[in-house]
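Colleague: Okay, predicted coordinates and the sequence, questions at the end:
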Amino acid sequence: MALSKQQIAQRIAQELQDKTYVNLGIGIPTLVANYIPQGIDVEFQSENGMLGMGPFPMEGEEDADLINAGKQTVTILKGGSLFDSALSFAMIRGQHVQLTVLGAMEVSQNGDIANWKIPGKMVKGMGGAMDLVASAENIIVAMMHTDKSGASKLLKNCSLPLTGVNCVKKVVSNLAVLEIKNNAFYLLERAPGVSVEEIKAATEGTLIIEGDIPEMKF
Amino acid sequence: MINKVVKNVQEALQGVDDGMIFMLGGFGLCGIPENCISELVRLGAKDLTCISNNAGVDDFGLGLLLQKRQIKKMISSYVGENDEFERQMLSGELEVELIPQGTLAERCRATGAGIPAFYTPAGYGTEVAEGKETREFNGKMYVLEHAFNPEFAFVKAWKGDAAGNLIFKGTARNFNPMMAMAGKITVVEVEELVEVGELDPNQIHTPGIFVQRIFQGKDYEKRIEQRTVTPKS
């Protein structure tokens, strides 16, 4: 069975390292905060100007002056801090934020990512994504393996305008966990009940399969 | 103390004219200069270039200026929440320059800090870098990005005093401090205009030197774009 969005987030949460600062993008990445493994201390950075981002407020306690980068009302945890956008991106560009998790429309086997524009159709803008992918030491992409018509989104070359080049290190899709290196997707884990053949069929880019591929564990 | 107080938004916006370049603070609808935007709509100034991280929603924030077709060009990082914006852009009525958010923030900061241009890695290898100078430093490629040249910056702060010293609240700070630095004329509206001496100098976010005009704002709606809550269990 392919993973749900929640399960993709849950699997990515297993990648969180102790004592690190993490930026979560909009959509599936935001859900990662719900699955922090026990004993791991991470602090979430929201690029609109907050460190130590907490959960959504209790009903009735929403504050219009406290939102995340997705414009959702949030809270700030004890020990958190607030700052302006220039300082926020100094943290990002200066590599003080160790991990970036974001969504993608396409990823290519050399680590290029496209997630901000479909020419002539959808033009929302890149927000902070270009700054994040250009500077983060570690980038994990959360995405669906194929589009609604079944076409692969893990490609030899991206067809959409790029957000960044040569930057994605790992992809967690609804079908698999893959590492990007040596100009190829290396299959690391399968979603429970999903076969290697199914992943092969859904991957247009070069897929390297070494030995037995284990199922993800939750 | 140099007194920066003007009596209302009408006085604050004196000198605003067609064809000008403006900066407007805010992230989404958080920390936007609501009073200044309303007055810009009332004045009807047109052919404006607006530098702002977002373009509001259809019926609030910069969306109000878009509805009236007052904006010729938007310079933003993300414009996803506004159907009228998308329609005007795709039909070619509105000129749009989309730039990475960190680059936008740094270009605003550079403007106020006397830095004409700087190198950033954001956008290298993408269409954002097309036609721009690139250069390698320590094995990594960077793109040259330039400062802006805005006539007015419109800023929203939480508290301010007559000297123009400002304190922001929560994530409503966002682009406001850099834009305050950048305006030839920086106009600040505040939720609370306090007596000089009331603000602790240790806690000032933006020193008054960057501010030309400040006024007590009114009727803040502070609309929430995405109301998300933890349900009471």
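Modeller: Okay, I see it.
Colleague: can you count the residues close to residue 182?
Modeller: Using chain A here. With neighbours defined by other CB atoms under 10 Å in any protein chain shown, the count for A:Asn182 comes to 10. From N, CA and C alone the C-beta is placed, and that goes for glycine too.
Colleague: My question was about chain B, not that one.
Modeller: Residues near B:Ala182, counting by other CB under 10 Å, number 25.
Colleague: Ok, A:Asp84 next?
Modeller: The tally of other residues near A:Asp84 (other CB under 10 Å) stands at 26.
Colleague: Confirm for me that it is in contact with B:Ala172.
Modeller: No. Taking contacts as CB atoms under 8 Å, A:Asp84 lies outside contact range of B:Ala172: 10.5 Å.
Colleague: Can you list phi and psi of the residue of chain A most remote from its centre for me?
Modeller: Going by CA atoms, centre = their mean, the residue of chain A most distant from its centre is A:Gly60, 30.4 Å out. For A:Gly60, the backbone dihedrals are phi 90, psi -10 (criterion: degrees, to the nearest 10).
Colleague: Which pLDDT value goes with it?
Modeller: Turning to A:Gly60, the model gives it a pLDDT of 93.
Colleague: Apart from its neighbours in sequence, what residue is nearest it?
Modeller: Of all residues not flanking A:Gly60 in the chain, B:Val229 sits nearest, at 8.0 Å (CB to CB, 6 or more residues apart in numbering or on different chains).
Colleague: Can you give me the neighbour number for that neighbour?
Modeller: 15.
Colleague: That one touches A:Asp63, doesn't it?
Modeller: No. Taking CB under 8 Å as the definition, B:Val229 is not a contact partner of A:Asp63, at 11.3 Å.
Colleague: Overlap of the contact sets of these two?
Modeller: When CB atoms under 8 Å, 6 or more residues apart in numbering or on different chains defines a contact, the residues bordering B:Val229 and A:Asp63 alike are A:Pro57, A:Thr73.
Colleague: Single out the residue in chain B that lies closest to chain A.
Modeller: Across chain B, the shortest distance to chain A (CB to the nearest CB) belongs to B:Gly102, at 3.0 Å.
Colleague: Tell me who's in contact with that residue.
Modeller: By CB under 8 Å, 6+ apart, the contact set of B:Gly102 is A:Glu47, A:Ser85, A:Ser88, A:Phe89, A:Ile92, A:Arg93, A:Gly128, A:Met130, A:Asp131, B:Thr120, B:Ala122.
Colleague: Contacts made by the least confident helix or strand in chain A by mean pLDDT with the rest, please.
Modeller: Of all regular secondary-structure elements in chain A, judged by mean pLDDT, DSSP states H and E, the least confident is strand A:122-123 with a mean of 80. By CB under 8 Å, 6+ apart, the surrounding residues in contact with strand A:122-123 are A:Lys117, B:Val79, B:Glu86, B:Met89, B:Leu90, B:Val96, B:Leu98.
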